[in-house]
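What follows is a predicted structure for the sequence shown.
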Amino acid sequence: MTVQPVNLSGLDLRTEIDRLRIERKAVILAHYYQKPELQDLADFVGDSLELSRKAAATDAEVIAFCGVKFMAETAKILSPEKIVVLPDVNAGCSLEDSCPPEKFAAFRAVHPEHIALTYINCSTEVKALSDVIVTSSSAETILAQIDPAQKIIFGPDRHLGGYLNRKFNRDMLLWPGVCIVHEAFSETELLKLKIKHPHAPIAAHPECPPAIVDHADYVGSTSGILNYAKAMDSAGLGGTLIVATEPHIIHQMQLAMPEKTFIGAPGADGNCNCNICPYMALNTLEKLYLSLRDLTPRVEIEEGLRLQAKRSLDRMLEMAGGTVGKGDLGRR
Ligand code: 13P
Ligand code: SF4
């Protein structure tokens, strides 16, 4: 869908967004991969699990979701009575795209003894076909509660699934999806960077391929990586951190620890923008303003499908318990 250009010159967008936020009784949620100006305006910035919890708990009438489609849909599944807007309707995800519901259903049908443990980065239809949803910050806690003899399909992220298989000595069947952003980190360039900063630890997201994760001192969700950065002083880790996830998260690190140095892990040519999520980048201040003004693009989900998808999400929220959400997959 093409978003029509609108002339907003002369408007102070931050003031207008603040006005509309009150008028609409709206809450603005933002993921750590959003542009700094959106993170700064948001009422809450978090990882996928924290954002799901906020979406389920808020008493706002409107949720403006600065993130991608599967996140805004999760908010709608958990809070159907609220209006949920996504500033750019084209903000998708390569993991969601890798897993068409009909192919996932066919795969499940040939593995009737397997349950489906599914990463939240998928469509509502795939959530409806799944038994339990996980995020990167809840996956470990949830997997630990599943009988080791239980056969499992894990999708759509083969790197997160492979990481969990190695760490928990499981043999989950992996759907072959990847995040194009984390897939683009280069091991060679990372090692060159490490030679320049030999004392800097590496923190990596589990969506990274094993060649990157294997060099990491810490592996965890976005909020886990942020917490690791905040604990650098108390853990005696020095003043520099190499960050192997989407680089917009560095904004929160710099706000919390302006005296430290955070270096984004490099992509293939050492200097590309290939680790910026092109889907997250579609959201802008202008589009957020328009979505609050016009209450579009709105997320709508057919009620039967929503209830099906809610079961696997509710299971995640129950099994993740109250302590998860600090983003911890932990050290390797
Ligand atoms: P988390 O913030 O839950 O770690 O998810 C990362 C991600 O890729 C979101 O799209
Ligand atoms: Fe999807 Fe990767 Fe972008 Fe997250 S960073 S929304 S997993 S493409």
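Structure's in. What do you need? Ligands and ions are numbered 1, 2, ... in the order given.

Relative to ligand 2, which residue of the stretch 101-250 of the chain is the closest?
Across the stretch 101-250 of the chain, the shortest distance to ligand 2 (CB to the nearest ligand atom) belongs to residue 179, at 3.2 Å. Yep, even glycine has a C-beta here, placed from its N, CA and C like the rest.

That residue contacts residue 92, doesn't it?
No: counting by CB atoms under 8 Å, residue 179 does not reach residue 92; the two are 11.9 Å apart.

So which of these two has more stuff around it?
Neighbour count, other CB atoms under 10 Å: between residue 179 and residue 92, residue 179 has more, with 24 against 16.

For that one, give me its contacts.
93, 94, 95, 121, 157, 159, 207 (CB atoms under 8 Å, 6 or more residues apart in numbering).

could you give the mean pLDDT of the lengthiest helix in the chain?
The helix that spans the most residues within the chain, counting by DSSP state H, is helix 303-320. In this model, helix 303-320 carries a mean pLDDT of 97.

per-residue confidence for the residue of the stretch 101-250 of the chain closest to ligand 2?
So, for residue 179, pLDDT stands at 98.

so who does the residue lying closest to it once chain neighbours are set aside touch?
Excluding the flanking residues, the one nearest residue 179 by CB to CB, 6 or more residues apart in numbering is residue 207, at 4.3 Å. When contacts are counted by CB under 8 Å, 6+ apart, residue 207 touches 136, 157, 159, 160, 178, 179, 181, 182, 245.

Check the residues you listed one by one and keep those near ligand 1.
136, 179 (CB under 6 Å from any ligand atom).

of the contacts of residue 207, closest to residue 308?
Here the nearest of those to residue 308, counting by CB to CB, is residue 157; it sits at 21.6 Å.

In the sheet, which residues pair with the closest one? Tell me.
residue 177 (DSSP bridges).

show me the residues around it that make contact.
95, 119, 121, 175, 177, 178, 179, 207.

could those go into TSV alongside distance to residue 321 and secondary structure?
Shown next, in TSV, are these (distance: CB to CB, whole Å; DSSP: H, G, I helix; E, B strand; the rest coil):
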residue	distance to residue 321	secondary structure
95	25	helix
119	19	strand
121	21	coil
175	26	coil
177	27	strand
178	29	coil
179	26	coil
207	23	coil
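
Run through the helices of the stretch 201-332 of the chain in chain order.
210-213, 222-230, 250-256, 285-294, 303-320 (DSSP state H, counting those that start in this stretch).

re the thing from before, pull the most distant pair out of the contacts of residue 179.
93 and 159 (14.2 Å).

Quick check: buried residues in stretch 216-236?
If you call a residue buried by 16 or more other CB atoms under 10 Å, then stretch 216-236 has these buried ones: 216-229, 232.

and that stretch, is it in reach of ligand 2?
No: using CB under 6 Å from any ligand atom, we find that stretch 216-236 stays clear of ligand 2, coming within 9.3 Å at best.

Wondering if that stretch reaches ligand 1 at all.
Yes: under the criterion of CB under 6 Å from any ligand atom, stretch 216-236 makes contact with ligand 1 via 221, 222.

Fine, thanks again, bye for now.
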